[in-house]
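J.: What shape does this take:
(4 chains)
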2 protein chains.
Amino acid sequence: MPDAAKQSVELSEDQIQLIARALADRRRYEILKRIATRNGATPCSDMRECFDITPATLSHHMKELETAGLVRSEKEGKFVLYFPQTRVLYAYLDRLKSDLS
Amino acid sequence: MPDAAKQSVELSEDQIQLIARALADRRRYEILKRIATRNGATPCSDMRECFDITPATLSHHMKELETAGLVRSEKEGKFVLYFPQTRVLYAYLDRLKSDLS
DNA sequence: TCATCAATTAGATGGTTGTCGAAGTATCAA
DNA sequence: TTGATACTTCGACAACCATCTAATTGATGA
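T.: Next up, the predicted model:
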């Protein structure tokens, strides 16, 4: 785990729910999995090919993931790149652990 | 963490989704939190008082939590007791960690 | 400038789900 | 046996959400 991922992040109750709901959709889960395991930039186009999904639907899901704080986006010309926000994921895991065990 | 919680549990893709969806509702999250932190039996009646909730709605949520495998129930006369299934929660956390980081 | 490609937004639709009241089932005590 | 209590199931309703098509914005290259 890189140092950046160890920095603690404060998650509000609302963000906890946003994250939980973001993870509760199968497609979003798979998309996030892909972005997370890449550990670098994932272009939007990459996912369109991979998931047999409409651009509109993909855009919707990406917004959900970004609103939840699980990914960050950057524009690169006419493309969009996505980066996993590992700190937020770890903060969520820590929160689940401390709330539910 | 008790030994029982360390035993690994195999979670199917479907169960992953069931758990994620179970956690995605605020009320269910609070209910589970209460059951989990008790670390023993939590009577159904206990939650009715605590959460200002209709019996029907509570019953619905408990079924969701139980179907997801996050709690186990036992009938005690006319009461129902709930027990946290810590192993399942930990299996879910492990899964998130390995899938998403 | 114009055509093209990438992605977002708008609007519509169908399916899912959280909620409740009412009826049903099960248990216990008098 | 009767009544009360604890919970479940049923049926309905409203809100939410994933999905799509079509229209829009924005950037690139010819």
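J.: Return the residues in contact with the closest residue to A:Leu93 other than its chain neighbours.
T.: If you skip the residues right next to it in sequence, A:Leu93 has B:Leu93 as its closest partner in space, 5.7 Å away by C-beta to C-beta, 6 or more residues apart in numbering or on different chains. All C-beta atoms are positioned from the backbone trio N, CA, C, and that covers glycine. Residues near B:Leu93 by C-beta atoms under 8 Å, 6 or more residues apart in numbering or on different chains: A:Leu93, A:Leu96, A:Lys97.
J.: measure the nearest residue to A:Thr67 once chain neighbours are set aside to B:Thr37 for me?
T.: By the measure of C-beta to C-beta, 6+ apart, the closest residue to A:Thr67 outside its immediate chain neighbours is A:Leu18, 6.1 Å from it. Relative to B:Thr37, A:Leu18 is positioned 23 Å away (C-beta to C-beta, to the nearest Å).
J.: ok, back up a step: where's the residue nearest to A:Leu93, which helix or strand?
T.: Here B:Leu93 is covered by helix B:86-100, with elements defined by DSSP states H and E.
J.: Specify the angle between that helix and helix A:86-100 in degrees.
T.: 180 degrees (axes from the mean of the first three to the mean of the last three C-alpha atoms, to 10 degrees).
J.: What spatial separation is found between the residue most central in space within chain A and DNA strand C?
T.: The residue at the geometric middle of chain A, judged as the C-alpha nearest the mean C-alpha position with C-alpha atoms, centre = their mean, is A:Leu70 (3.1 Å). When C-beta to the nearest atom of the strand, to the nearest Å is the yardstick, A:Leu70 and DNA strand C sit 15 Å from each other.
J.: looking at chain A, which helix or strand is least sure?
T.: Within chain A, no helix or strand scores below helix A:3-6, which has a mean of 50 by mean pLDDT, DSSP states H and E.
J.: after that helix comes which helix or strand?
T.: Beyond helix A:3-6 on the C-terminal side, the first helix or strand identified by DSSP H and E is helix A:13-23.
J.: interface residues of chain A facing DNA strand C?
T.: When proximity is defined by C-beta under 7 Å from any atom of the strand, chain A lies next to DNA strand C at A:43-45, A:48, A:55-56, A:58-60, A:62-63, A:73, A:78-80.
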